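>>> Provided below are the primary sequence and the corresponding predicted coordinates.
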Number of protein chains: 2
Amino acid sequence: MQLTIGNLLKDAEIRHPDREIVYGKERYSYSKFGERARRIASGLLDKVGVHEGDVVAVLDWDSMRYMEAYFAVPMAGAVLHTVNIRYPPEVLYYTMAHAEDKYVIVRDEFLPMLEKYAEMFEFVKGWIICSDSDKEVKTSLRPFFNYNDLVKSEQSALPDVTEDRMATLFYTSGTTGMPKGVTFTHKQIVLHAMSLQMAGAMAPLNNSERDVVMPLVPMFHVHSWGLPYNSLFAGMKYVLPGRYDFPKLLETIDREKVTFTASVPSILYMLLSAPNIAEHAAALKGLKMLIGGSALPRGLATKAHSLGMVVVGAYGLSETCPALTISVYNERAMSLPEGRRQECLLTAGIPFPFVQVRIVDSNFRDVPADGKTAGEVIARAPWCTSGYFKDPEKTDELWARGWLHTGDIGVRDELGYFQIVDREKDAVKSGGEFIPSLLLESAISECPGVGEVAVIGVEDPKWGERPYAVMTRSGDVTDSQVVEHLKKYVVTGRIQEWWIPDGFEFVESIPKTSTGKADKKELRGRVRSKVQGVA
Amino acid sequence: MQLTIGNLLKDAEIRHPDREIVYGKERYSYSKFGERARRIASGLLDKVGVHEGDVVAVLDWDSMRYMEAYFAVPMAGAVLHTVNIRYPPEVLYYTMAHAEDKYVIVRDEFLPMLEKYAEMFEFVKGWIICSDSDKEVKTSLRPFFNYNDLVKSEQSALPDVTEDRMATLFYTSGTTGMPKGVTFTHKQIVLHAMSLQMAGAMAPLNNSERDVVMPLVPMFHVHSWGLPYNSLFAGMKYVLPGRYDFPKLLETIDREKVTFTASVPSILYMLLSAPNIAEHAAALKGLKMLIGGSALPRGLATKAHSLGMVVVGAYGLSETCPALTISVYNERAMSLPEGRRQECLLTAGIPFPFVQVRIVDSNFRDVPADGKTAGEVIARAPWCTSGYFKDPEKTDELWARGWLHTGDIGVRDELGYFQIVDREKDAVKSGGEFIPSLLLESAISECPGVGEVAVIGVEDPKWGERPYAVMTRSGDVTDSQVVEHLKKYVVTGRIQEWWIPDGFEFVESIPKTSTGKADKKELRGRVRSKVQGVA
């Protein structure tokens, strides 16, 4: 039997037939959902004319349609391209052309943008229009199909997909240069789902089929960290959040009794800043949240803890499907006093089952696991992408010496927990030594009055580079108060004195990449031109 | 990264370095155990001269040596043949010759038997002698190696084994004809381990890395149901029971704080009949036990429950690695009142993750899931054997129409739980209808005074066959008391009146197969000659 997405869904139906998938007022049992997915796959093949191996793109918010496409497209033997709708139009077009999207499932609200550039999409052989409403949607795009007609298709025999076939394709966030495509096979996605479930069952998550999950990781982003596949396999009730509207998300968490979610820190920040937070605070008590994308600032963690949330860190990349590490407790952590144990949750964690992670120096030798010595993080896992789509050169760089190079700088402590201290390309190197900007950001974030923070390196004639902090305000605070705050951490040894930034700047908002991370490339550009302008 | 046994062990070491493996006074951390396994694999290659693909046999009780061989042999690229030491010598020889065992790891106490037939083992190129004691072992077998020398080997580079390589080979219990060999790849064993862990995490087992496991499934039997692989992957403390000595097993459960075990019903029966049971009863409270091999008789379940044990049924075959179904709770069971829910535990259960099971009639159509309509159980799973070793004809029978034919008769209820009601070849067919002998045995086992019971079919001129019950006594009981007992169940509808056996017989002990199941073939022979002798 093959490890395919079709067999994974079948398995979910067999073991958890009555479990529900919810999107607003729409709710289907796994059984019903499975039937719908098979009808849509049949419709793609029989009505639309999709062939095995064709790339089928989706442009949508996190809807029931998207969830169905996650299964139906690969089950039809086609490749699911989850288009990042946060890209600027030219980048979005670049990825769709690069992927050679043959068919496109598109939400009605994105039609105007596509219609405007219709003649450029000559590679698209069919548009499939979906909508949250039942009424007929009009478009000038040709040829087009109605998604709702696909759902009514007869269930035909689906192709026997082998597990090593490509199932998904998406593009990296592209903070440097144009986005790169990464691909995953059916087998990789299934193994990733199994590993997620095994790690999720560990304390303090203790996830099980009794949980209700609503990921707040957009479905166009690293297939929502694999949670749609993993959650059905695990038998969890699944809630689709639609477009992220924070007050409404809090209502949904409350109404559907969500017990487990996942997001990047900035989404958690916005959720906890929603105007109706007080009204729904009780629903957050005990809510488990997986935090990835970037490290959780300590200040934000404290806020989440004060509401009774259980926040667990995780680490991975688009290239790794993404699961690499997760901060659940290993037996060494379990034997620690509770306060110290909880510190583990703020790290990137320990490897997921079947992941190998190393931290190496420039000679490819493992650095000591002392919590201090930094090096490049390299990894292996059965679900790492085999390479960048149509880019053998970058693939060779990614897989130099048979290990996947994350481009991140990390440390590992005696307990086995990893911590990411910098992106290689964002690293601040001062006087020949790395300043771990993520640790510094975390320290700054705890200063009362500071909201979000991003530390970047600016050129310095003496030290090569010096750190510079860009912050938003959540209250009254001045540069010198931040410096005083950091000096206290110098005394306790948490940071070193020479890490304290030379420059500080308060801004209205931190620019973000399409995946919600601080856009440090953009920030460096801004700050450099400002510093040059001043000089 | 490949799904190999070597990578599975590496993963256990990375995530649970300090967890222990225990055998008597010997105890190693996973780290230390991993190092030993790599040294032994190196020794097999460098000192003994094992080549990739060679078959390496093991004859031992459940010792630390056996546990090491489970990993070291496949890590060396060789095939682990777990020889069933309960076979009569000629059958044991047949399997070793059929497997073409090139090297044999053998416990000192089995040397005399092998030395006696030394000249027949011309296919063996080397004997590796192991022992629980440190003193030099003498043997007339040539050439021979000392296991302890292998442990001292330098760690050399082990071959890059691919996941589709054969890892293990063993022989079925052979209740009909000569045993048949079944083989499993690295990938199959790893996926099986992952599925076991996911199912084991479900209620009421709730297994986690905090458990202490001591399987009472011999390591020569279906690789101890895969528990050595699964448990290390899950990070459980692992206790090796050695040769099964029931009073000592109870002491070990108590001393090592065992929380999870697994066995066939007859082993549970013997454990609960041990003379020191009262002394260690407290250690059994809360002990979780997986029961497989044959269905758990209700009488035995009641006894286990009265001691506070949590007994969970499972079902599988040598051919299926063995996991097919396990009686953990699905959401339908969770919504039942507790008494009714616990009934589920006495069934064969629901499919393990990634297993597909069907019950079909003679036209290969699924029978209704009504808990009554019986049919043949067929299955698919990523870890089903690809076929019988060197037996393409029997392989074709096993895999007719692309499904594995279990040869068992089963039913499925509305909740999704399977129940095995008979072996196809042990089925009693009376008046054209099946009498589910396993259900009947379970009902008889609850009669006060009855110990073990086996129901077989005997020829009948009118009905074709009629059931005949062979029982042991655990107290005073007569045939007519058994009949009266069964009539009560006729009233409640649990059994049908025409199922009540025509013949009863009390014996000293029920003959067993080499895997501890009632040997019905043997019983049919005995009873037939007796019935004929009487006629």
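All right, it came through fine.
>>> tell me, how many neighbours does residue A:209 end up with?
23 (other C-beta atoms under 10 Å in any protein chain shown). Using the backbone N, CA and C atoms, a C-beta is placed for each residue, glycine as well.
>>> what about residue A:221, how many neighbours?
By the measure other C-beta under 10 Å, the count of residues near residue A:221 is 22.
>>> For it, give its distance to chain B.
According to C-beta to the nearest C-beta, to the nearest Å, residue A:221 stands 24 Å off from chain B.
>>> same question, residue A:99
Distance from residue A:99 to chain B, counting by C-beta to the nearest C-beta: 26 Å.
>>> Report the contact partners of that residue.
With contact taken as C-beta atoms under 8 Å, 6 or more residues apart in numbering or on different chains, residue A:99 is in contact with A:55, A:57, A:81, A:169, A:171, A:181, A:389.
>>> distance of residue A:171 from chain B?
24 Å.
>>> neighbours of that residue, just the number please.
Residue A:171: 27 neighbours (other C-beta under 10 Å).
>>> Show me what residue A:242 is bridged to.
residue A:62 (DSSP bridges).
>>> ok, how many other residues are close to residue A:458?
Around residue A:458 there are 18 other residues, counting by other C-beta under 10 Å.
>>> Kindly confirm my reading that it is in a helix.
No. Secondary structure of residue A:458 (DSSP: H, G, I helix; E, B strand; the rest coil): strand, not part of a helix.
>>> re earlier: highest neighbour count among the contacts of residue A:99?
Neighbour max across the contacts of residue A:99 (other C-beta under 10 Å) = residue A:81, 30 neighbours.
>>> didn't that residue look like it was pressed against residue A:170?
Yes. In this structure, residue A:81 is within contact of residue A:170 by C-beta atoms under 8 Å, at 6.6 Å.
>>> contacting residues around residue A:316?
A:222, A:225, A:292, A:322, A:323, A:324, A:325.
>>> Give the closest residue to the closest residue to chain B within the stretch 401-535 of chain A in space, chain neighbours not counted.
Using C-beta to the nearest C-beta, the closest approach of the stretch 401-535 of chain A to chain B is made by residue A:416 at 7.1 Å. Among residues not flanking residue A:416 along the chain, residue A:350 sits closest, at 5.3 Å (C-beta to C-beta, 6 or more residues apart in numbering or on different chains).
>>> What score does that neighbour have for pLDDT?
Per-residue pLDDT puts residue A:350 at 96.
>>> So which bits of the stretch 51-200 of chain A are right by chain B?
Proximity of the stretch 51-200 of chain A to chain B is confined to A:191, A:194, A:195, A:197, A:198 under the rule C-beta under 8 Å from any C-beta of the partner chain.
>>> What mean pLDDT does whichever strand or helix holds residue A:66 get?
Per DSSP states H and E: residue A:66 is located in helix A:64-75. When pLDDT is averaged over helix A:64-75, the result is 98.
>>> Please apply the same query to stretch A:27-39.
Mean predicted confidence for stretch A:27-39 is 98.
>>> What of stretch A:326-343?
Rounded mean pLDDT across stretch A:326-343 is 93.
>>> Just give me the neighbour total for the residue in the stretch 201-350 of chain A positioned nearest to chain B.
The nearest approach of the stretch 201-350 of chain A to chain B comes at residue A:201, 4.5 Å away (C-beta to the nearest C-beta). Using other C-beta under 10 Å, residue A:201 has 23 other residues around it.
>>> again with residue A:487
Quick note: residue A:487 (other C-beta under 10 Å) scores 12 neighbours.
>>> tell me the phi and psi of it?
Dihedral pair for residue A:487: phi -60, psi -30, per degrees, to the nearest 10.
>>> can you pull the contacts of it?
A:497, A:500.
>>> isn't there a strand covering residue A:27?
Yes. With three-state DSSP as the criterion, residue A:27 is part of a strand.
>>> Look up how far chain B lies from the residue nearest to it when sequence neighbours are not counted.
Sequence neighbours aside, residue A:20 is the residue nearest to residue A:27 in space, at 5.2 Å (criterion: C-beta to C-beta, 6+ apart). Distance of residue A:20 to chain B, given as C-beta to the nearest C-beta: 10 Å.
>>> mind listing what residue A:20 touches?
Residue A:20 neighbours (C-beta under 8 Å, 6+ apart): A:27, A:28, A:29, A:30, A:237, A:238.
>>> try residue A:9
If a contact means C-beta under 8 Å, 6+ apart, then residue A:9 has A:34, A:37, A:71, A:75, A:232 as its contacts.
>>> And it, how close does it get to chain B?
12 Å.
>>> Look up phi and psi at that residue.
phi -70, psi -40.
>>> circling back to that earlier point, return the list of helices and strands in contact with the helix holding residue A:66.
For helix A:64-75, the elements it packs on are helix A:5-15, strand A:20-23, helix A:30-43, strand A:55-59, strand A:79-82, strand A:103-107, helix A:227-234, judged by 3 or more C-beta pairs under 8 Å, 6 or more residues apart in numbering or on different chains; DSSP states H and E.
>>> Understood, closing this out.
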